[in-house]
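A.B. asks: dropping the sequence and predicted coords here.
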Number of protein chains: 2
Amino acid sequence: MQVVTSIKKMQDIVRELKRTQQTVAFVPTMGALHKGHGRLMERGKQNADVCVVSNFVNAKQFNDAEDLKNYPRNPERDKEFSEAHDVDYYFAPADDEMYPPGFLTSVNVGFLSSRLEGEFRPGHFRGVCTVVLKLLHIIQPTHLVMGLKDAQQFVIIQHMLTDLCMDIKMIGVPTMRDRDGLALSSRNALLSDEDRQKALCISRALKRVHFLVKKQGILHSGELLQAIRSAIGTAGVELEYAEIVNKTTLEPIDHVVRGGTFVLIAVRIGGIRLIDNTRI
Amino acid sequence: MQVVTSIKKMQDIVRELKRTQQTVAFVPTMGALHKGHGRLMERGKQNADVCVVSNFVNAKQFNDAEDLKNYPRNPERDKEFSEAHDVDYYFAPADDEMYPPGFLTSVNVGFLSSRLEGEFRPGHFRGVCTVVLKLLHIIQPTHLVMGLKDAQQFVIIQHMLTDLCMDIKMIGVPTMRDRDGLALSSRNALLSDEDRQKALCISRALKRVHFLVKKQGILHSGELLQAIRSAIGTAGVELEYAEIVNKTTLEPIDHVVRGGTFVLIAVRIGGIRLIDNTRI
């Protein structure tokens, strides 16, 4: 695995990969790598000749300075982890390499960015889109591999690629969960043991929705959301939002449409924000 | 010359150009082609194997519906003109090919976009940047050829390319002028004979600034701007702005720095906006 910190060096490598017509899978990360990232890397390797992983904690997508400060960082472990997953290039630019003085450009994907996460994290998706677009220009992948835990992020990036005519195939990788059901997330490391137990209410609520839809045939969003609110509330966890939306437009829908629906949840536990979702 | 209206077809052509490793110069236009555009095409041909011209009147960059409605259009003449200039590919997509229903993405280049033209045309540069970025993704040129009459546009696009790590060389082509000094512009076609005469005050004012700087050694911006205001005012023309700015940051400067300065003017004559500039 080659570790690269300079954009120019990365561009030289990309030029050579293009010249030799190799397909490139790109896995953007913010480090604090866990098994979920490992699966993204595996999927990258399966789909392309070369797998590039980036590790860049993108300050622009943090609306909350505390959250940025506390975000888990473990660059040495991340490098070893990526090497163990057979990654070919590990791109870890410094902040001022990505955003030198005078950086001004931002990308926005309209109303998709202002809803749900965007409502609770103003400017978050503008930061995400800007850094992803810049990384895509640097790495010029044929495939972009992203986790579906960040469902809204996935939808927004897909929309940006389509709008801007970027010829890149997106691969969405289903959320990995711990045995107890908790969706893997870098932020889980910040939870106390007690809060981690509380957090199980999220996946339980999503499981409950699946049960209600599949076994009891309940499709009415209001009823399903009531079940979520009750499962979260009983656990003493603060619900930021629970929504049932069309999987492409992210607009709320009155009734679940099988194959076309996301159920999205965001909670706050002991100061830590966690999100999770399921597709129906 | 091959005329292309579909993005997919254009992408197929680009894929083949890449495969055969040809360099591509791209000249984005909004049609109503004149000799100034002809020179852009010539510069494109000189610098690359292949020259692609686009003709797309980008509604997103018009803040004023009247201006969009009145913008001169002559697609058949534009095609002939491009063919006569030895253009290889003429890309003229329809509005809904470029912006299909559901298009949401926009690109912004911070404060550079809100000053000068941006102040008088809110949202203008967001529209410009969005369409140029999309066209660049479709055409993937090695060279981007643009006129320096739109100096702020040139600076902003250059800034966007740098910020987003797009490996494209920009070629800025000096403004072409009619014999009487008027900068060539598609909007000149909209001027009455009388207003066209009045419009000569713009280039006269810029010439006067050159004279004052070069022959009289006057570098103080206030004094030079006073000379501009007087030249424009005497002609009975409405000055929207006259500014003397750093050629990269577009920030006003107190004193002209030779080699690093733009003098920018925007006027309104009989409802038509005209801009012009000179570099010192």
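C.D. replies: Here it is on my side, so go on.
A.B. asks: where's the residue nearest to A:Lys60 when sequence neighbours are not counted relative to B:Ala65, distance?
C.D. replies: Residue nearest to A:Lys60 in three dimensions, not counting chain neighbours: A:Gly127, with 3.5 Å by Cβ to Cβ, 6 or more residues apart in numbering or on different chains. Where you see a C-beta, it was placed from the backbone N, CA and C, and this is true even at glycine. Using Cβ to Cβ, to the nearest Å, one obtains 33 Å as the distance from A:Gly127 to B:Ala65.
A.B. asks: picking up where we left off before, secondary structure element holding the residue nearest to A:Lys60?
C.D. replies: helix A:124-139 (DSSP states H and E).
A.B. asks: just the pLDDT at the residue of the stretch 151-280 of chain A found nearest chain B, thanks.
C.D. replies: Chain B sits closest to A:Asp163 of the stretch 151-280 of chain A, with a gap of 3.8 Å, by Cβ to the nearest Cβ. Predicted confidence (pLDDT) for A:Asp163: 98.
A.B. asks: counting neighbours, what do you get for it?
C.D. replies: Using other Cβ atoms under 10 Å in any protein chain shown, the number of residues around A:Asp163 comes to 23.
A.B. asks: cool, and the one 4 residues further on?
C.D. replies: Here the neighbour count serves as a burial measure; for A:Asp167 (other Cβ under 10 Å) it reads 13.
A.B. asks: so who does it touch?
C.D. replies: Contact partners of A:Asp167, counting by Cβ atoms under 8 Å, 6 or more residues apart in numbering or on different chains, are B:Gln11, B:His137.
A.B. asks: wait, doesn't A:Asp254 sit right on A:His220?
C.D. replies: Yes. Contact status for A:Asp254 versus A:His220: in contact at 7.1 Å, counting by Cβ atoms under 8 Å.
A.B. asks: ok, the two, which is more surrounded?
C.D. replies: Between A:Asp254 and A:His220, counting by other Cβ under 10 Å, A:His220 is the more crowded of the two (13 against 10).
A.B. asks: pLDDT wise, what is the closest residue to that one other than its chain neighbours at?
C.D. replies: Using Cβ to Cβ, 6+ apart and skipping the chain neighbours, the partner closest in space to A:His220 is A:His255 (5.9 Å). We have a pLDDT of 97 for A:His255.
A.B. asks: the lowest-mean-pLDDT helix or strand in chain A: what's the following helix or strand?
C.D. replies: Least confident helix or strand of chain A, by mean pLDDT, DSSP states H and E, is helix A:65-70 with a mean of 94. Using DSSP H and E, the helix or strand that follows helix A:65-70 towards the C-terminus is helix A:75-84.
A.B. asks: so for whichever helix or strand comes after that following helix, mean pLDDT?
C.D. replies: Next along the chain after helix A:75-84, taking DSSP H and E as the criterion, comes strand A:89-91. Within the predicted structure, the mean pLDDT of strand A:89-91 is 98.
A.B. asks: do strand A:89-91 and chain B meet?
C.D. replies: No. Figure legend: strand A:89-91 not in contact with chain B (Cβ under 8 Å from any Cβ of the partner chain); closest approach 11.9 Å.
A.B. asks: for the helix or strand just after that strand, give me every contacting residue.
C.D. replies: Past strand A:89-91, further along toward the C-terminus, the next helix or strand under DSSP H and E is helix A:95-98. With Cβ under 8 Å, 6+ apart as the test, helix A:95-98 has contacts from A:Thr5, A:Ser6, A:Ile7, A:Phe56, A:Asn58, A:Ala59, A:Val131, A:Lys134.
A.B. asks: what's the most distant pair in the residues you listed?
C.D. replies: A:Ser6 and A:Ala59 (19.1 Å; Cβ to Cβ).
A.B. asks: and the closest residue to A:Thr248 other than its chain neighbours, what is it in contact with?
C.D. replies: Nearest in space to A:Thr248, with sequence neighbours left out and distances taken as Cβ to Cβ, 6+ apart, is A:Val155 at 6.7 Å. Each residue near A:Val155 by Cβ under 8 Å, 6+ apart is listed here: A:Leu112, A:Lys247, A:Thr248, A:Leu250.
A.B. asks: what would the residues you listed look like in a markdown table with secondary structure, pLDDT and neighbour count?
C.D. replies: Formatted as a markdown table, the contacts of A:Val155 follow (DSSP: H, G, I helix; E, B strand; the rest coil; pLDDT from 0 to 100; neighbours: other Cβ atoms under 10 Å in any protein chain shown):
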| residue | secondary structure | pLDDT | neighbour count |
| --- | --- | --- | --- |
| A:Leu112 | helix | 97 | 24 |
| A:Lys247 | coil | 96 | 17 |
| A:Thr248 | coil | 95 | 13 |
| A:Leu250 | coil | 97 | 22 |
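A.B. asks: torsion angles phi and psi at the residue nearest the centre of chain A?
C.D. replies: For chain A, the residue nearest the mean C-alpha position is A:Asp150 (3.6 Å; Cα atoms, centre = their mean). As for A:Asp150, its main-chain torsions (degrees, to the nearest 10) stand at phi -90, psi 70.
A.B. asks: just checking, it touches A:Ile275?
C.D. replies: Yes. Contact criterion Cβ under 8 Å: A:Asp150 and A:Ile275 qualify, at 7.2 Å.
A.B. asks: what does the helix or strand A:Met170 falls within contact?
C.D. replies: Assigned by DSSP H and E, A:Met170 falls within strand A:169-173. Contact partners of strand A:169-173, identified using Cβ under 8 Å, 6+ apart, comprise A:25, A:36, A:39-40, A:43-44, A:47, A:142-148, A:154, A:157-158, A:161.
A.B. asks: swap the cut-off to 7 Å and go again
C.D. replies: For strand A:169-173, the external contacting residues (Cβ atoms under 7 Å, 6 or more residues apart in numbering or on different chains) are A:39-40, A:43, A:47, A:142-148, A:154, A:157-158, A:161.
A.B. asks: and after it, which helix or strand comes next?
C.D. replies: Downstream of strand A:169-173 (by DSSP H and E), the next one is helix A:193-214.
A.B. asks: quick one: the helix or strand just after that following helix to chain centroid distance?
C.D. replies: Once helix A:193-214 ends, the next helix or strand along the chain (criterion: DSSP H and E) is helix A:221-234. Counting by Cα atoms, centre = their mean, to the nearest Å, helix A:221-234 is centred 24 Å from the centre of its parent chain.
A.B. asks: which residues are in contact with helix A:221-234?
C.D. replies: A:201, A:204-205, A:208-209, A:212, A:218, A:239, A:242, A:244, A:253-256, A:265, A:267.
A.B. asks: would you mind listing what in chain A touches chain B?
C.D. replies: A:7, A:11, A:103-112, A:133-134, A:137-138, A:159-160, A:163-167 (Cβ under 7 Å from any Cβ of the partner chain).
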